[in-house]
Every structure is written in structure tokens, then in C-alpha cells.
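K.L.:
here is a sequence with its predicted model. Questions after.
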Amino acid sequence: MSRIRARERLINTSQQIGGALGLAVLATIANSRTEDLLASAGRSPAELTNALNEGVRSAFLGGAGIAALGLVLTLGLIRGRDSRAHVELGAPPKSNPRRPSGHSRGLGWLSICAVAPRSR
């Protein structure tokens, strides 16, 4: 039980750190673009709105690029046979003719953590 909680905490912490780093990168992109546009306009107050809009636009485009890269990597790195093996692990077990269907092996949570062997 404590291993499951530790895994959940690790996943939650990783998500929080990833979100914070992503936000920091996008804010840096927006700030850098805004500063570049203001410097080229001679720090004119009339150009402030345009510079801020362009900075935010650059950050959104950067975030969209990162998301697209993640999608391409996901589709390219996950193999079909690994996905099928994962689905088979979640499928209900087939009944064994030598054993009554209500009989349990007594493995408890270990049966949930089983990993399918990879065929090479």
C-alpha cells in the first residue's frame, strides 16, 4: 500500500515540476520577444500593447510547437505490440479449464503489477 502511495506522490510531484518548468519557459519566451520589440521601437509607450501581444503570441506558438513535438514523439516511440500487450494485461483473465473460475491464486496486488514479457 505504501509503494502505491509513493508512486502517486512521485507522479504528482513530476507533474507539478513539469508544469512549473513549462510555464517558466513560456514566460521567458514571451518576455524576451516583448523586450526585443520594445527595444526596436525605442521604448515607445504606443508600441507597448503591440509588443505585449506579440510576446504572448510567441509564447503560445512555442507551447503549440512543444505539444506537437510531444505528439510526434509519442506516436513514433510507442510500438503497436507494446500497446497490445498493455491492453491484454488489463483484459479479464481467461478461465482455466483445470481450475474453477472462482478460485484465486492468492497473489493479491502482485497480479496487478505483472509486466508482460517482450517478444524479440
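P.N.:
Good, I have the coordinates.
K.L.:
for the helix ranked longest in the chain, packing partners?
P.N.:
Using DSSP state H to define each element, the chain has its longest helix at helix 2-40. Helices and strands touching helix 2-40, by 3 or more C-beta pairs under 8 Å, 6 or more residues apart in numbering; DSSP states H and E, are helix 48-77. C-beta here means a position set from N, CA and C on the backbone, and glycine is covered the same way.
K.L.:
and the helix it packs on with helix 2-40, angle?
P.N.:
Orientation check (axes from the mean of the first three to the mean of the last three C-alpha atoms, to 10 degrees): helix 48-77 against helix 2-40 gives 140 degrees.
K.L.:
for helix 48-77, buried residues please.
P.N.:
Within helix 48-77, the residues scored as buried using 16 or more other C-beta atoms under 10 Å are 51, 54, 55, 58, 59, 62.
K.L.:
after that helix, next one along is what?
P.N.:
Sequence order places helix 80-90 as the next helix or strand after helix 48-77, per DSSP states H and E.
K.L.:
so which bits of that next one are buried?
P.N.:
Buried, per 16+ other C-beta under 10 Å, within helix 80-90: nothing.
K.L.:
where does the prediction get shaky in this structure?
P.N.:
The model of the chain has pLDDT under 70 over residues 1, 93-120.
K.L.:
next up, the contacts around residue 20.
P.N.:
Not one residue lies near residue 20 by C-beta atoms under 8 Å, 6 or more residues apart in numbering.
K.L.:
I'd like the distance between residue 44 and residue 70.
P.N.:
As judged by C-beta to C-beta, to the nearest Å, residue 44 and residue 70 stand 38 Å apart.
K.L.:
same check, this time on residue 82
P.N.:
18 Å.
K.L.:
cool, residue 19 as well?
P.N.:
In terms of C-beta to C-beta, residue 19 sits 14 Å off from residue 70.
K.L.:
go on, residue 22?
P.N.:
Distance from residue 22 to residue 70, by C-beta to C-beta: 11 Å.
K.L.:
also residue 11?
P.N.:
For residue 11, the distance to residue 70 - C-beta to C-beta - is 17 Å.
K.L.:
again with residue 32
P.N.:
Taken as C-beta to C-beta, the span from residue 32 to residue 70 is 22 Å.
K.L.:
how about residue 49?
P.N.:
Taking C-beta to C-beta, one finds residue 49 at 32 Å from residue 70.
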